[in-house]
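Novice: quick one: sequence plus predicted model below, questions after.
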Amino acid sequence: MKLLLQEVQKIKKYRNEGRDIIYGDVTCVYYGLYKDYTWRDVFSKGINNKIAWGPRLIFVQAGNAKGFVTKASLVMGDCRSIINKEIYDKWLRERLIPNMQPNSVFVVDEISYKSTIEEKVPNSKSSKKTMRNWLASKNIRFDSQCFQPELYEMIKKHKDLHIKYSLDTIMEANGHKVLILPPHHPEFNPIENIWSKIKGKVETFWSEVKGVNYYDVALNSTEMLRLADIFAAIGPEEWHQAVDQAIRCEDEFMTLEYAMDIRQDQLTVETETENNDWSSDDSSSSDSLDTFTGVNDTDSDTEVHLPNIEELGYHYSFESESESESELNR
C-alpha cells in the first residue's frame, strides 16, 4: 500500500506540472474468444460458445486523454505470437518513444518483460559484504556491527524505493519518466477500460472470421485494415472518459488514505492518553497504600505499627468448629 501511495502521489504531481501522462499496456484476444450474446440476467447464460485457447491476437499500445499515441500500435496475429522483453523493448525504441512528447511520464503495470530488474537486490542468502555494498550505494546508513539478518531487514525496508528496471533506463535515456503500478490495481491505468472496449469489438470481428482454419489465423491485409478501423473508432472522447475515471479513482484513494492517517493519529493519541491515565492511577494507588501502611521509603528502618482489626472498628465473632456442628445438628 505504501508503494501504491507513492506512485499515485507521483502521477498527480507530474500531472500538476503539466507533463504528458502516457498509459501503456499489452493485451491479447484468443482465437475463438467471441460471444453471440452478452450477459442478460442471473438466470440466462451470456456466452453460448466455448472459448478456444490457442492462437491469439496481441495488442501493444499506449495513449492519453487525447487518444492513442500516433503510429505506436503493434498487432501480432498468428499461432506463434508471443511477447517478450526483446519485442517489447524494440516497440519502445522504434514506435512509442519517437512519437511521445518531450519530458513525458510513462505509466505501466508490473509485468516481467516490462519491468526486468537491471540491478539485482541482495536476498537473504547474500553475503554481508554484498548487503553492505548495496546499502552504501543507496546512501542508507547502517551499523558496521550489524549481523546479516539485520542488514537484510534494512534492505527489505528500502528496496522498493531503489529498484531500477531496464524500462527505466530506456525511457530516462530519452528524457522520460516511468511509473510502474503495483499488481492488482488496474483502476489507475485508463488503458484497461480502453482494452475492454477494444475486446468487445474484436470479439465481434472474431465471430465473423471464425470460419478460417483454426491453426492458420494469420490475418490478411483486409482483416488488418478492419482491426485498424476498430482502433480508430476509439478516439479522444473514450480516452478522456477513461482518464477522468482513473483520476477519480486517484482522488478517492487519496481521500481514503488521508482519512486513515487522521484516524491513526487519533488512535495513537487515545492510546497514549489511556496509558498516562493508567500510570496516574497506579501512582496514586501506590501513594495510598504507602500512607495506609505508614511505609516511608526514606525511613525504611523505622518500626511500623500496623493496626489490628478491632482498632479499625471492625468486630467479628469466630465460632469454634464444635459450636458450628452443634448448630447444624439442631
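Specialist: Structure's in. What do you need?

Novice: only C-alpha atoms for contact and neighbour calcs from this point on.
Specialist: Fine.

Novice: ok, which stretches of the stretch 101-250 of the chain are helices?
Specialist: Using DSSP state H, counting those that start in this stretch, the helices of the stretch 101-250 of the chain run over 128-137, 148-162, 166-172, 191-209, 221-232, 236-293.

Novice: buried ones in the fourth one, by neighbour count?
Specialist: Spelled out, that is helix 191-209. The neighbour-count check on helix 191-209 (16 or more other C-alpha atoms under 10 Å) flags 191-195, 197-199, 201-203, 205-206 as buried.

Novice: what does the second one give?
Specialist: Buried residues in helix 148-162, counting neighbours by 16+ other C-alpha under 10 Å, are found at 148, 151-152, 155.

Novice: could you give the angle of it to helix 128-137?
Specialist: Relative orientation of helix 148-162 and helix 128-137, computed by axes from the mean of the first three to the mean of the last three C-alpha atoms, to 10 degrees: 40 degrees.

Novice: what's in contact with helix 148-162?
Specialist: 3, 121-124, 127-128, 131-132, 135, 138, 142 (C-alpha atoms under 8 Å, 6 or more residues apart in numbering).

Novice: now do the fifth one
Specialist: Applying C-alpha under 8 Å, 6+ apart, the external contacts of helix 221-232 come out as 198, 201-202.

Novice: which of those residues sits closest to residue 235?
Specialist: Nearest to residue 235 among those: residue 198, at 11.4 Å, using C-alpha to C-alpha.

Novice: returning to what we had before: so which of the helices of the stretch 101-250 of the chain is nearest residue 21?
Specialist: Once those are compared by C-alpha to C-alpha, helix 236-293 is nearest, at 9.9 Å.

Novice: out of the contacts of helix 148-162, who's nearest residue 73?
Specialist: Of all these, residue 3 has the smallest distance to residue 73: 30.0 Å, by C-alpha to C-alpha.

Novice: residue contacts, the closest one?
Specialist: Taking C-alpha under 8 Å, 6+ apart, we find residue 3 in contact with 160, 182.

Novice: A helix includes it, no?
Specialist: Yes: assigned with DSSP: H, G, I helix; E, B strand; the rest coil, residue 3 falls within a helix.

Novice: now do it against residue 157, distance only.
Specialist: Per C-alpha to C-alpha, to the nearest Å, residue 3 is found 11 Å from residue 157.

Novice: now do residue 258
Specialist: Using C-alpha to C-alpha, residue 258 is found at 22 Å from residue 157.

Novice: same question for residue 177.
Specialist: Per C-alpha to C-alpha, residue 177 is found 24 Å from residue 157.

Novice: residue 130 too?
Specialist: 16 Å.

Novice: re earlier: of the helices of the stretch 101-250 of the chain, which is nearest residue 182?
Specialist: Closest of the helices of the stretch 101-250 of the chain to residue 182 is helix 148-162, at 10.6 Å (criterion: C-alpha to C-alpha).

Novice: tell me the mean pLDDT for that closest one?
Specialist: For helix 148-162, mean pLDDT is 87.

Novice: equivalent analysis for stretch 98-115, please.
Specialist: Mean predicted lDDT for stretch 98-115 stands at 85.

Novice: then stretch 244-260?
Specialist: Average pLDDT, stretch 244-260: 90.

Novice: any buried residues in it, and which?
Specialist: Within stretch 244-260, the residues scored as buried using 16+ other C-alpha under 10 Å are 245-247, 249-250, 253.

Novice: for stretch 129-142, same thing?
Specialist: 131-132, 134-135.

Novice: columns distance to residue 84 and pLDDT on top of the residues you listed, output as a markdown table?
Specialist: Formatted as a markdown table, these follow (distance: C-alpha to C-alpha, whole Å; pLDDT from 0 to 100):
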| residue | distance to residue 84 | pLDDT |
| --- | --- | --- |
| 131 | 31 | 92 |
| 132 | 34 | 93 |
| 134 | 29 | 90 |
| 135 | 32 | 92 |
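
Novice: what about the residue nearest to residue 19 when sequence neighbours are not counted, how many neighbours?
Specialist: In space, residue 19 comes closest to residue 104 once its chain neighbours are excluded; the distance is 5.7 Å by C-alpha to C-alpha, 6 or more residues apart in numbering. Using other C-alpha atoms under 10 Å, residue 104 has 21 other residues around it.

Novice: residue 104 contacts residue 18, correct?
Specialist: No: counting by C-alpha atoms under 8 Å, residue 104 stays clear of residue 18, with 9.5 Å between them.

Novice: helix/strand/coil for residue 61?
Specialist: Classification of residue 61 using three-state DSSP returns strand.

Novice: show me what it is bridged to.
Specialist: residue 25 (DSSP bridges).

Novice: and it, what does it touch?
Specialist: Listed by C-alpha under 8 Å, 6+ apart, the contact partners of residue 61 are 24-26, 68-69, 72-74.
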